[in-house]
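1. Structural data only, the sequence is not supplied:
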């Protein structure tokens with residue numbers, strides 16, 4: 001996949017088959033669009049092009065941007081789009097001035113002049129241009145003027161999978177990682193750097209790796225205990241994860257701490273990815289460390305069982 005970080009380096013392609021959107025999470029609904037994009041490109045002897053935006057448009061134009069959390073970082077999105085078979089990825093820096101482009105300016109300046117679009121493939125509800133004024137009906141009515149065809153993926157095809165980024169965010173915010181994984185078409189991931197914590201886990205027989213998530217915009221699921229796969233240094237390990245404030249030991253800051261099964265290595269400063277498998281229980285306060293240790297033993301048993309299924 002060829003990546004263009006902006007519009008300056010891209011030259012019009014001879015037979016560009018294009019789609020566009022934020023594609024946060026690259027979930028199963030997005031995958032429907034990508035499958036059709038790559039199919040049309042193959043059938044027409046063309047090249048598939050995806051236009052996306054960074055940062056997320058809502059962080060620029062919305063009043064609630066401070067509350068927005070994303071399902072995928074930019075690097076994660078790039079990797080997922082590459083896996084989906086996209087040949088050209090155009091990442092447009094989303095700014096206030098860019099958001100003011102009219103639909104006509106967007107079509108002419110970007111789709112026609114910069115990319116040389118020959119066919120546009122969009123979902124039935126896709127909007128673009130200032131105040132989201134442009135859509136399928138407008139393009140279809142003017143496609144001959146712009147010199148490309150447009151194909152709309154029907155409501156029936158997109159809605160058949162019943163997926164939206166907001167629905168996945170809601171599931172994760174409730175700790176429902178099983179539903180989120182079904183909607184994404186894969187387990188939800190968190191990636192970050194291992195940092196030093198209070199190291200209390202070592203004193204009670206459950207040493208943990210304390211993660212600092214790479215991107216503060218990345219959505220962290222609800223507080224609680226989870227069974228997780230741990231991807232580290234080309235290894236796939238297993239563990240149990242606690243997200244929360246550790247009320248039993250008077251914690252004050254949210255932490256993301258993983259007890260990696262059958263693992264004993266100092267990995268401070270290194271990268272690790274957590275792949276969520278099952279929610280085990282909410283975070284709770286225990287009457288002292290002995291009660292906490294007994295619960296952690298039960299959690300480990302439950303996590304090992306969940307991962308082995």
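-> Everything's here; your move. The structure presented is a predicted model; accordingly, all values stated were derived computationally and were not measured.

2. where does this structure have its least confident helix or strand?
-> One helix or strand of the chain scores below all others by mean pLDDT, DSSP states H and E: helix 155-159, with a mean of 60.

3. Just the mean pLDDT for the top helix by length along the chain, thanks.
-> Scanning the chain for the helix with the most residues, using DSSP state H, yields helix 289-308. Mean per-residue pLDDT for helix 289-308: 95.

4. go on, stretch 179-189?
-> In the prediction, stretch 179-189 has an average pLDDT of 97.

5. Now the terminal residues of that stretch, how far apart.
-> Taking C-alpha to C-alpha, to the nearest Å, stretch 179-189 runs 14 Å from one end to the other.

6. OK, contacts around the residue nearest to residue 134 when sequence neighbours are not counted?
-> Take residue 134 and drop its neighbours on the chain: the residue closest to it by C-beta to C-beta, 6 or more residues apart in numbering is residue 103, 2.7 Å away. (Each C-beta comes from the backbone N, C-alpha and C, glycine too.) Residue 103 is in contact with 128, 129, 130, 133, 134, 138, counting by C-beta atoms under 8 Å, 6 or more residues apart in numbering.

7. do the same with residue 299
-> So residue 299 contacts 225, 240, 280, 281 (C-beta under 8 Å, 6+ apart).

8. go again using 7 Å as the cut-off
-> By C-beta atoms under 7 Å, 6 or more residues apart in numbering, the contact list for residue 299 reads 225, 240, 280.

9. in the next helix or strand along the chain from the least confident helix or strand of the chain, what counts as buried?
-> Proceeding N to C from helix 155-159, the next assigned helix or strand is helix 165-173, under DSSP states H and E. Neighbour counts over helix 165-173 (16 or more other C-beta atoms under 10 Å) mark 165, 168, 169, 171, 172 as buried.

10. Filter the contacts of residue 103 down to the buried ones.
-> Using 16+ other C-beta under 10 Å, the buried ones in those are 128, 129, 130, 134, 138.

11. So among the residues you listed, where is pLDDT lowest?
-> residue 134 (70).

12. Residue 265 is in contact with residue 232, correct?
-> No - the pair residue 232 / residue 265 is not scored as a contact, 8.9 Å apart, by C-beta atoms under 7 Å.

13. So which of those two has more stuff around it?
-> The neighbour count for residue 232 versus residue 265, taken as other C-beta atoms under 10 Å, is higher for residue 232 (20 against 9).

14. What ranges does the chain have for its helices?
-> Going by DSSP H, the chain shows helices at 28-43, 58-61, 74-83, 96-99, 103-105, 136-146, 155-159, 165-173, 177-184, 200-203, 289-308.
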